[in-house]
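A.B. asks: Test case, fold it:
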Amino acid sequence: MINRRLYLSAAALLLAGAAPAIAQERPATSERDQIAADFDKDSVTVGIGGAYFPDYEGSKTYRFTPAPVVIGSVKGFAFSVIGDRASLDVIPNRPGQTIDLQLGPVGVVNFDRSSLSSIDDPRIRALGKRGAAIELGGYVGIGKTGVITSKYDKVSVSVSYRKGVSGGHRSDIWEPQFTYLTPVSTKAAVGLYASAQHVGQGYADSYFSITPTQALASGLPTYNAHSGWKSYSAGGFVTYSLTGNLLHGFKVLAGGSYSRELGDFSYSPVTRIAGSPNQWLGAVGLAYTF
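C.D. replies: Okay, here's the model as predicted:
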């Protein structure tokens, strides 16, 4: 299964496909008015994509896996179920508003290293299997529509907090995130995003520390990782409508991201010897909005 951090990067690519977009080029008035009216209507986007990403967090070998997504807005309440992550914005959006206040619960199932058969490196397999970690928490954020390129582009900033309550770790995770999306026509939109992660000691021990027993089994040296800023990520995405416009019908999605492990996490033998602190991800997908 996709590990949590990389799945979020892939999810960001798919999320772009559900964002309403109104043309910067000037369509006919009736078309522009219709799209503007549809902006505030209920909508749901269902998509399936494929992500090419590292075997585990810090790996230098890669694999391909599907990445499903369902996101939408009903009665002004935005929600998303993206692979192993689910969230709900409990502050409803009002028709025509340009400021989007965001607040709600978030839950993640972290599958990182929960399946040893998906890991090529025998040294990492020898470190042992991690249970799938259930992470629960919430997020708060704010978005602004009409910022840079037109009155329809959007900037969003948020921060989430999750706590591992079972499985692979029982640790804190803080994650600030920035997203920018702008339409380039009624059919296409592009965007950028960036995020970082600060994790607690339990997370560091579970995925990056190596005990003497694990060192004997794997041949990797012992290592004690400490809590702190674990990584940053940055990427871009594009979506293009195949039928109609970005608010209706089928669309294709594509994008990529770069992540860098930081501090103790970059120097862990899991990363520095067996893997790499530089992590890449590519994703393509198909979605339908109705």
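A.B. asks: Where does pLDDT dip in the protein?
C.D. replies: Residues of the chain that meet the criterion pLDDT under 70 lie in 1-40.
A.B. asks: so where do the strands sit in it?
C.D. replies: Counting by DSSP state E, the segments of the chain that form strands are 43-54, 62-74, 77-82, 85-88, 99-110, 133-145, 154-166, 172-183, 188-199, 228-241, 249-261, 278-289.
A.B. asks: CSV for those strands, including mean neighbour count?
C.D. replies: For the C-beta atoms, the positions are set from N, CA and C on the backbone; glycine is no exception. Written out in CSV, the entries for the strands of the chain read as follows (neighbours: other CB atoms under 10 Å):
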stretch, mean neighbour count
strand 43-54, 20
strand 62-74, 17
strand 77-82, 18
strand 85-88, 18
strand 99-110, 18
strand 133-145, 18
strand 154-166, 18
strand 172-183, 20
strand 188-199, 21
strand 228-241, 20
strand 249-261, 20
strand 278-289, 20
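A.B. asks: how about these in JSON lines, adding distance to Ala217?
C.D. replies: Formatted as JSON lines, the entries for the strands of the chain read as follows, by distance: least, CB to CB, whole Å:
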{"stretch": "strand 43-54", "distance to Ala217": "22"}
{"stretch": "strand 62-74", "distance to Ala217": "23"}
{"stretch": "strand 77-82", "distance to Ala217": "35"}
{"stretch": "strand 85-88", "distance to Ala217": "32"}
{"stretch": "strand 99-110", "distance to Ala217": "23"}
{"stretch": "strand 133-145", "distance to Ala217": "22"}
{"stretch": "strand 154-166", "distance to Ala217": "24"}
{"stretch": "strand 172-183", "distance to Ala217": "28"}
{"stretch": "strand 188-199", "distance to Ala217": "24"}
{"stretch": "strand 228-241", "distance to Ala217": "24"}
{"stretch": "strand 249-261", "distance to Ala217": "23"}
{"stretch": "strand 278-289", "distance to Ala217": "25"}
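A.B. asks: So for Asp205, which of those strands sits nearest?
C.D. replies: Counting by CB to CB, Asp205 lies closest to strand 188-199 out of those; the figure is 10.2 Å.
A.B. asks: Give me the residues contacting that closest one.
C.D. replies: With CB atoms under 8 Å, 6 or more residues apart in numbering as the test, strand 188-199 has contacts from 5, 8, 12, 16, 19, 21, 171-184, 227-241, 246, 257.
A.B. asks: Skipping adjacent residues, who's closest to Pro105 in space?
C.D. replies: Counting by CB to CB, 6 or more residues apart in numbering, the nearest residue to Pro105 once its immediate chain neighbours are dropped is Gly138, at 5.2 Å.
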